[in-house]
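Novice: need a 3D model of the sequence below.
(chains A, B and C)
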Amino acid sequence: MAAEKSKFSFQSISKYMYLLSIVVVFAIFTILQPNFISLYSIQNMCGEIAPRLIMACGLTFVIFTGGIDLGAGYMVSATCVLTGLYLPKVGNWIIILVALAGLCMGTLNGIITTKLKLPSFIVTLCTQNFWNYIALSLCPDGSVIVPMTMRDVTAWMTYPILGIPATFWFSLIGLAALFVFQQYTKNGRAIYSVGANAQAARVAGVNIDSAQISAFAVSGLCCGLAGIMYAYKLRAANPTVGSTLQLSSLAAVALGGTAMAGGFGSVTRTLCGVITITAVTSGLNILSVNPLWQNIIIGIILIVAVILNSDNGDRNLVIK
Amino acid sequence: MAGQLLFKANGVGKTYGLNTVLRDIDMEIYSGEVIGLIGENGAGKSTLMKLIAGVTKPSMGSMELQGQPYSVNSILEANKHGIGMVFQEQSLVANLTISQNIYLGREKKYATLGFVNWAKMNADAKKALERIGIDLDVTKKVRDIDFAMRQMVEIAKVLDVVTETANGHAIILLDEPTTVLSDDEIKALFEQVRKMKEAGNAVIFISHRLDEVLEITDRIYVFKDGEETGVFPTEGADTNILYERMVGRVATGEFYIENRQTVATDEVVLQVKDLSVFGAFNHVSFDLHKGEVLGLCGVEGSGKEDVCAVLIGDVEPTSGKVIIGGKERTFKNPYQARHAGILSVPKERRDEGMIGILSIENNIVISHMEALQNGFILSGKKTEGIANEWVKKAGVKCVGIKQHINQLSGGNAQKVIFARALESNCPVLILNHPTRGVDVGSKEEIYTLIREMTEAGNSIIVIGDTLDECIGLSSRIIVLKDGLVTAEFDCPVGNKPTQMDIVQTMM
Amino acid sequence: MNNKWEASMETLSVGEQFAEKVKDNAKKDRIRRMMPIILLVVMTAIGAITQKNFFSARNLVNILYQMSIPLVISVSLMFVLLLGSIDLSIEGVMGFAGSFTAFLVQNRTNSNNFGIFGILIVLVICTCVGALTGFIHTKGRIASFITTYAVGQVMTGVAVLVYNSTPIAVTEPAFVTISQGRLFGIPYLTLMSFAIFAIGAIILNFTAFGRAVYAIGDNETAAASTGINVTLTKIKVFALSALMASAAGILMCIRLKLGQSSIGLNQMFPVVTAIVLGGGSLYGGKGGALSAFVGVLVYTELTNWLTLMGVDTYLRGVIQGVIIIVAVTLTIERTRKTISK
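Specialist: As a prediction, the model looks like this:
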């Protein structure tokens, strides 16, 4: 009986966790450091949020299906490298090319998962090596700087609008597009149905392969866009830019209350998660906490968030 | 012949939600006898077994074991009381050896400091198998022995578990043990059952094959719709009376709304020609006409479910043709089948029907989203409109269309799934146990929906939850037995075949 | 495939056809189980052809030395994969164990000198972490890959925190002795690893706990119905996995005489590849000590060959990825109704 009671309160916390966490995090940091909410820090944070938001929102779709992409961080690294290296050759057209490359990477994950019927965590664990290989074999000696002559070509991406870098506004447009995809398209709803009960969706005649593949494709596309943003922002091809992003984007999705088992959640919730996680990292910076703590804290946030929104009652699955 | 009274059930029953699946069962089991349970699918035999074996607890009534009140929470606890069940779906671990399987979870008595004395365990396992007359290398892995042997190992395991505690007065429950066995193997099994009986144990035996029940049992309990309709000594039992008790009362034509049964047109929508799946069914052919309800009858394992599985692309046929819309088609999945015009309402509603944590609205439109788009964008107005319309039309009791489907009762959830099927615009609908686990009130509404489907020109293949239902709904019935079509009946209103007619071709 | 059945359909009853199908599956399964041995023969042949002194004592000892750390890790994964779960925290735990050992024994950075007790402390802490992981995974009903992923990240973070960006150099004399010592020409480290593997194999094959792991991986519901405590068994498995990972980390620390988080880097994935090559299943219930051993051996031979061919580490990662996908695809059984996410 006692266990049931505590489960109940867990669920009520998890319902509003995405809002609660923002309030709590901002409150804590403001108390510890009154300058935490300043125009400068907000502007700064918005710039930080943009690529993370796009990446995490893409990942959210994979998680809607009940799958996961453990290689998304490496995918951002690979696309960042591709953008940085080839930007001087093709100019801004690189955006379209790299976005397509990201789309293809994601689609590959999706095809292997659905057609070979392997679990996505295995598939992405394997394919992350591919992306890592692309990043590190193209930049074996670390970051490659985009030549100064390209400054004019890349400046528009970080041009401040209302004092906030353009990337942030782009990411909001992206969020809106993804929201429409999630809510008002055939594949969007099919993606939810796969996560909620794949067997039933299948019997109902839903094309679940196409739903899963499109979720991975969207995730790949978003990783591509995030990679592009980083390349433009850093003005460099950085082969390790994504290594910390995997954890923080997973934590952001979980913190938003999207169910890891699939079928429930929203990209708008992920927005809240991303804001919280970004606030945590920049707050720790402002407090000049040893950056080594970041992984530990975000890792713990991920565990707690996942525990809070794991739904115990509804689905009687064997958890492996 | 009968020994001492081992087990007694007084007015035992079981309800799931509003649905009563078993009511008011009295039963007595004496040592040294074999009891047969017969009845149609869903008559309550398996439920009663589960209550005795400790899988679930009864909702009413009480049970006694050797004069003491008997109430257990798990299979394990039942085992400790000397009651063990051999399950239909085998519960052996394929990658462990036979002896490891027999003593799985009971290694303690062979262990010192956590290390198991395998030699001693193997020797005991050998003895356990010899007790039922089987000589097998117990260090073989279960994956390397055939199904019949696995069944034997399972029986040996259960027997060993229960005799450990029951000293000679165990009760063994055998749920359809013969389905995967050949004739010789069945003979061997019966030999074992007789031995167990002679040793003073009691055996409860369930089978779909009446001849087997007549051969091996001493007394027969007959079940119908969750009720006990008769107890007969096997010696001198009249098969006709047994059949009659199994089919029991006949619901009125009114219940199945037979006055709205449509007369099939000549237009053929679906043709199945000489269809076979190796190991499931052979040479099945039929035409499905527009506006017709075609019933598929047969016991479990007769192949009727597999025919439907081929039609929705779940199973690849070995040979034969499926012709729909004038074209020969093969489907790789239900999505392709839906596009060709076949959709199924599945038997396992919770696992395969309801998309639990999605809204009623999404559950209704999911099979037909193509039609609700403006360009690439799904119109929220259209989907909501359609969902509201169906909720009203099908009489779904809910808070609103945004409510999750898993918060609805079984009957209401089933209505939502019917709404989905009707909304899909598929001319051929396969209804697999359409009223399984549905309360009486909702049943009637579902029957109305089925009649509306045919009036709208849909064609239906139905696997009935009961035989009665199948006859009541269908305008034609095909009977399968052991994978072959054994009979075909026309069922015009007023001149329907009786259940007796059909049961005799089924069993 | 279809034709094969069609021919015999007329002569057999449906029931006999079913039995025939079952037999056919069993046959296919037996062929599948032969695959690792065939692979071992092929890889050894390749080794013998491409390397002149392949069968020389020196090369064989060298292969055994290369196998040692993966073999210890394979004990972790052997148990976890048999459950059908995965432990992505192995690398983090390894890194932490290596770093913290260096921190506790005699070293250049601080004045600690706990010696053998330092190692014991590390083993105990890591086992507790593993048990906690198992607890969160089972009681929180969260898929193991996500739980262990998060725990792994936390442990990596803690590892780096332990030495605060400058890896700790070990000066413990015993470490020097062990890392350089040999018995009958075989390094102590190799012997220790093989001993640890043997213990793992004994636990798996000769205890009720080992049987329970098989049973749960094969059919969790059935296992529970025979009275196995599924939750406790799983927690034990994750504790054991972390224990073995920490042992691997400590061995690495002894070998390198340096404590840093990168000790664990890229250690887990190759062993998963190895186990899959050895015929272990990622879905649980299949595999075991022998198949893990064969897998690690095949994998080591493969790595040697790839190195000889001049393939770099990153490309090796790609090859591992392809191997896992292909091997798993070939070995799993699936029907049209199978859905994976």
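Novice: which residues of the stretch 51-200 of chain C lie near chain A?
Specialist: C:83-86, C:88, C:136-138, C:140-147, C:149-151, C:153-154, C:156-158, C:160-161, C:164-165 (Cβ under 8 Å from any Cβ of the partner chain). No exception for glycine: its C-beta is placed from N, CA and C like everyone else's.
Novice: just give me how far the helix or strand encompassing B:Met121 sits from the chain centre.
Specialist: Per DSSP states H and E, B:Met121 falls inside helix B:118-131. Centroid separation between helix B:118-131 and its chain, computed with Cα atoms, centre = their mean, to the nearest Å, is 35 Å.
Novice: what packs against the very next helix or strand once past that helix?
Specialist: With elements assigned by DSSP H and E, the helix or strand that comes after helix B:118-131 is helix B:147-166. On a contact count with 3 or more Cβ pairs under 8 Å, 6 or more residues apart in numbering or on different chains; DSSP states H and E, helix B:147-166 meets helix B:75-80, strand B:83-86, helix B:98-102, helix B:118-131, strand B:171-175, helix B:183-198.
Novice: quick one: average pLDDT of the first one?
Specialist: For helix B:75-80, the per-residue pLDDT values average out at 83.
Novice: do the same with stretch C:98-109
Specialist: pLDDT averaged over stretch C:98-109 gives 91.
Novice: do me a favour and get the end-to-end distance for it?
Specialist: 15 Å (Cα to Cα, to the nearest Å).
Novice: mind listing residues that contact it?
Specialist: Contacting residues not belonging to stretch C:98-109 are listed as C:110, C:112-115, C:117-119, C:121-122, C:125, C:159-160, C:162-163, C:166-173, C:175, C:249-250, C:252-253, C:256, C:258-261, C:263-264 [Cβ atoms under 8 Å, 6 or more residues apart in numbering or on different chains].
Novice: one step back: let me know which of the helices and strands packed on helix B:147-166 is tucked in deepest.
Specialist: helix B:98-102 (a mean of 27; mean count of other Cβ atoms under 10 Å in any protein chain shown).
Novice: is chain C within reach of it?
Specialist: Yes - Helix B:98-102 lies within reach of chain C by Cβ under 8 Å from any Cβ, at B:Gln100.
Novice: how far away from the center of its chain is that helix?
Specialist: 29 Å.
Novice: ok, the residue of chain B found nearest chain A - contacts?
Specialist: When scored by Cβ to the nearest Cβ, chain B has B:Arg338 as its residue closest to chain A, at 3.0 Å. Applying Cβ under 8 Å, 6+ apart to B:Arg338 gives the contacts A:204-205, B:367, B:424, B:426.
Novice: just flag the most distant two among those residues.
Specialist: Spatial extent of those (Cβ to Cβ) is set by the pair A:Ala204 and B:Cys426 at 10.9 Å.
Novice: can you give me the helices in the stretch 151-300 of chain B?
Specialist: Here the stretch 151-300 of chain B has its helices, by DSSP state H, counting those that start in this stretch, at B:183-198, B:210-216, B:239-247.
Novice: tell me how far the nearest residue to A:Ile213 once chain neighbours are set aside lies from chain C.
Specialist: Of all residues not flanking A:Ile213 in the chain, A:Gly110 sits nearest, at 3.5 Å (Cβ to Cβ, 6 or more residues apart in numbering or on different chains). In this view, A:Gly110 and chain C are 11 Å apart by Cβ to the nearest Cβ, to the nearest Å.
Novice: tell me the pLDDT at A:Gly110?
Specialist: So, for A:Gly110, pLDDT stands at 95.
Novice: shaky segments in the chain?
Specialist: With no chain named, the answer covers chain A. Scanning chain A with the threshold set as pLDDT under 70 gives A:1-14, A:311-318.
Novice: switch to chain C, please.
Specialist: C:1-3.
Novice: remind me which helix or strand the spatially most central residue of it belongs to.
Specialist: Ranked by distance to the mean C-alpha position of chain C (Cα atoms, centre = their mean), the top residue is C:Ser74 at 2.5 Å. Using DSSP H and E, C:Ser74 sits in helix C:57-83.
Novice: mind listing the helices for the stretch 101-250 of chain C?
Specialist: C:116-139, C:144-163, C:173-180, C:188-206, C:208-218, C:220-225, C:230-256.
Novice: among those helices, which comes closest to B:Arg476?
Specialist: Closest to B:Arg476 of these is helix C:220-225 (Cβ to Cβ; 40.0 Å).
Novice: and that closest one, what other elements does it pack with?
Specialist: Using 3+ Cβ pairs under 8 Å, 6+ apart, the elements in contact with helix C:220-225 are helix C:208-218, helix C:230-256.
Novice: what about 10 Å?
Specialist: If you count contacts as 3 or more Cβ pairs under 10 Å, 6 or more residues apart in numbering or on different chains; DSSP states H and E, helix C:220-225 packs onto helix B:75-80, helix C:208-218, helix C:230-256.
Novice: in chain C, which residue sits nearest chain B?
Specialist: For chain C, Cβ to the nearest Cβ, closest residue to chain B: C:Val14, 3.1 Å.
Novice: didn't that residue look like it was pressed against B:Asp482?
Specialist: Yes - contact criterion Cβ atoms under 10 Å: C:Val14 and B:Asp482 qualify, at 5.5 Å.
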